[in-house]
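> Next one to model:
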Amino acid sequence: MSFSFKSLLAGLVVSSVALSASTHASVVEKAEIEFFPMKVEEGFACAQTSSNQSSFDYWLAWDGQTLPDWALNDIRRDLGRLISHKAGEQTELIKKIISALETDFAAYEHHHALVDLIKLALKLNQADLTVEQVYFDDLLKVRGILPPAAKNFVSNLILTGTFKAPIEVGLDLKISAANESHPDALLELTNHQDDPFVQEFWGINSDISILLAFGGLMGEFDDGYCNRARQIAREYANGTYVVKDLEASVIWYEHLASLGDVGSAWKVAEYHMFTTAADRDDVVLSDHLLIASQAGYQPVIDGALRYISSDSYSEKHLPLVEAILSDAAATGHVKALNSLVQFYKTGQPFGYQTERLRELLEKQYLAGNSEAALQLAIDMMQIPSPTKGETDEIIAYLEFAMNSTNNSTKAVAFNLLRSVPQAAATDASTPKSVILNDEEAS
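Sure, this is the predicted structure:
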């Protein structure tokens, strides 16, 4: 059946929504839902993740005194990133920030501190959660005033058995968060459809819960819009709650890419790179791959290598892929550099390019790249009868390569250096390398 989402939930606006699923869908029989992006306001654009880096760096260099006059959501975003990426090495800093915020930042209430301290403990994989159980019990005492995200967080701690509390309390919290339109709670309730408590106090089937969640993820055009839209794209790609639909996922990623989201541009390119040749759109692939690569999006490099290593790459894209790898190699990307060396040596897939290879390696060597120096030495060692000048050049390359931070590069350079006649005759009492013996080299 088809219907307007406005008739289902007043206030949520989408361009087109259709629902096609059984009335009693379960976790096993996932919902088949078509949900399309909204028409975006003119001028709206997705802010890139890198734009938050300055605030993240602020906390890493924080003086421990002055708190910034920022919105609570921004501060908690940075705290979340610190906990996710720096929990082990910055534990004391994170605790200090939490303490200072609770003391001096009015918007950061006690329940915020309790949630963040529990998240930190879980990230650190603490075996003893005795202290955190006390924090958790304190959260339960004020569960009625918790914001929806906190309610759902506490609910999951109960339902996963992380902390002790009645299961019904966990389900009640999830239902409460869902009633406040929290998308994760709405989606996760579909995992508990058969529970009598959920049937009595929620009573909405999985299909409608998912549709409500998608509508809630849309919300308004604000700083969080693009993150929420990505969640829908990922859900279609992963098929956790709905039937997996890569084409629907790509529609959402194309929508995000049109708003300037570089990661989504790469997702579109990736889909077309690794779909069947019949389903591939070469123009869409090239356009989105170019957008992502020009923005310096790092996954593009590995993706390009995977693409030309597959059996189904198109020769139409070889010039762009070669340009991506060349640009990456020019910035010192070791994997791109080494791959280009092999491609140019074997002639596949870019053809034999001896001069281009030499030029690339020389530039990287002059820029301080030890791996490039090793490759130059290996190439010159193929000369049947090198002159003294050429031998000296080989030795210089190998000695430079031995300063690499890569142990494999150092070991190869060390063993090759010993095979060069002039190097073998060098006084062992005055080694030029940081490697002193075979055992260290290996």
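> ok, and what's touching the one helix or strand residue 335 maps to?
Using DSSP states H and E, residue 335 maps to helix 334-346. Contacting residues not belonging to helix 334-346 are listed as 301-302, 305, 325-326, 328-329, 349-350, 352-354, 356-357, 360-361, 364, 369, 371-372, 375, 406 [C-beta atoms under 8 Å, 6 or more residues apart in numbering]. Where you see a C-beta, it was placed from the backbone N, CA and C, and this is true even at glycine.
> Restricted to buried residues, select those in ChimeraX.
To isolate the buried members of the contacts of helix 334-346 in ChimeraX, using 16 or more other C-beta atoms under 10 Å:
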select :301,305,325,328,329,350,353,357,360,361,364,369,371,372,375
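> coming back round to it: would you mind checking the average pLDDT for the helix holding residue 335?
What helix 334-346 shows for mean pLDDT is 88.
> Following the chain onward from that helix, which element is next?
Helix 334-346 is succeeded, C-terminally, by helix 354-366 (DSSP H and E).
> helices or strands next to that next one in the packing?
helix 318-330, helix 334-346, helix 370-380 (3 or more C-beta pairs under 8 Å, 6 or more residues apart in numbering; DSSP states H and E).
> Kindly present those as JSON lines, with separate columns for distance to residue 273.
JSON lines is the format used below for these (distance: least, C-beta to C-beta, whole Å):
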{"stretch": "helix 318-330", "distance to residue 273": "10"}
{"stretch": "helix 334-346", "distance to residue 273": "16"}
{"stretch": "helix 370-380", "distance to residue 273": "27"}
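> what's the most buried one of those helices?
By mean neighbour count, with neighbours taken as mean count of other C-beta atoms under 10 Å, helix 370-380 ranks first of the helices and strands packed on helix 354-366 at a mean of 22.
> any idea of the mean pLDDT for that one?
91.
> same question, stretch 275-287
The model assigns stretch 275-287 a mean pLDDT of 94.
> Which parts of the chain are strands?
17-19, 33-35 (DSSP state E).
> weakest of those strands by average pLDDT?
strand 17-19 (a mean of 39).
> Confirm for me that residue 312 is in contact with residue 272.
No. If you go by C-beta atoms under 8 Å, residue 312 and residue 272 don't touch, sitting 11.0 Å apart.
> Name the residue in the two with the higher neighbour count.
Taking other C-beta atoms under 10 Å, residue 312 and residue 272 do not tie; residue 272 has more neighbours (22 against 11).
> Grab the nearest non-local neighbour of the more buried one.
residue 285 (3.8 Å; C-beta to C-beta, 6 or more residues apart in numbering).
> can you pull the contacts of residue 236?
Residue 236 neighbours (C-beta under 8 Å, 6+ apart): 242, 244-246, 248-249, 252.
> among these, who's most crowded?
The residue in those with the most neighbours, by other C-beta under 10 Å, is residue 242 (27 neighbours).
> which strand residues sit across from it in the sheet?
residue 31 (DSSP bridges).
> What distance do you get for it to residue 194?
18 Å (C-beta to C-beta, to the nearest Å).
> what's around the residue nearest to residue 272, how many residues?
22.
> isn't it right up against residue 273?
Yes. Counting by C-beta under 8 Å, residue 285 touches residue 273, with 6.1 Å between them.
> just to revisit the earlier point, for residue 140, which of the helices and strands packed on helix 354-366 is the nearest?
Ranking the helices and strands packed on helix 354-366 by proximity to residue 140 (C-beta to C-beta) places helix 334-346 first, at 49.5 Å.
> Quick one: find the helix or strand in this structure with the lowest mean pLDDT.
helix 5-8 (a mean of 34; mean pLDDT, DSSP states H and E).
> where do the helices sit along the stretch 1-150 of the chain?
Using DSSP state H, counting those that start in this stretch, the helices of the stretch 1-150 of the chain run over residues 5-8, 53-60, 72-86, 91-104, 110-123, 130-141, 148-159.
> Quick one: closest of the ones you listed to residue 181.
It's helix 148-159; of the helices of the stretch 1-150 of the chain, that one is closest to residue 181 (C-beta to C-beta) at 7.4 Å.
> which residues in the stretch 151-300 of the chain form helices?
For the stretch 151-300 of the chain, applying DSSP H, counting those that start in this stretch gives helices covering 167-179, 183-188, 196-201, 206-218, 225-238, 246-258, 262-274, 282-294, 299-309.
> got JSON lines for those, with distance to residue 141 too?
Listed next are the helices of the stretch 151-300 of the chain as JSON lines, based on distance: least, C-beta to C-beta, whole Å:
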{"stretch": "helix 167-179", "distance to residue 141": "12"}
{"stretch": "helix 183-188", "distance to residue 141": "21"}
{"stretch": "helix 196-201", "distance to residue 141": "21"}
{"stretch": "helix 206-218", "distance to residue 141": "28"}
{"stretch": "helix 225-238", "distance to residue 141": "31"}
{"stretch": "helix 246-258", "distance to residue 141": "40"}
{"stretch": "helix 262-274", "distance to residue 141": "40"}
{"stretch": "helix 282-294", "distance to residue 141": "48"}
{"stretch": "helix 299-309", "distance to residue 141": "45"}
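> Quick one: closest of those to residue 394.
Counting by C-beta to C-beta, residue 394 lies closest to helix 299-309 out of the helices of the stretch 151-300 of the chain; the figure is 29.1 Å.
> Surely residue 403 touches residue 368?
No. With contact defined as C-beta under 8 Å, residue 403 does not reach residue 368; the gap is 9.0 Å.
> Tell me which of those two has more neighbours.
For the pair residue 403 and residue 368, the greater number of neighbours falls to residue 403 (16 against 11), based on other C-beta under 10 Å.
> From residue 335, how far out is the more buried one?
20 Å.
> Then residue 169?
50 Å.
> And residue 400, by the same measure?
Residue 400 is 20 Å from residue 335, by C-beta to C-beta.
> Residue 194 too?
48 Å.
> what's the answer for residue 38, then?
Applying C-beta to C-beta, the value for residue 38 to residue 335 is 39 Å.
> Next: residue 349.
Counting by C-beta to C-beta, the gap from residue 349 to residue 335 is 17 Å.
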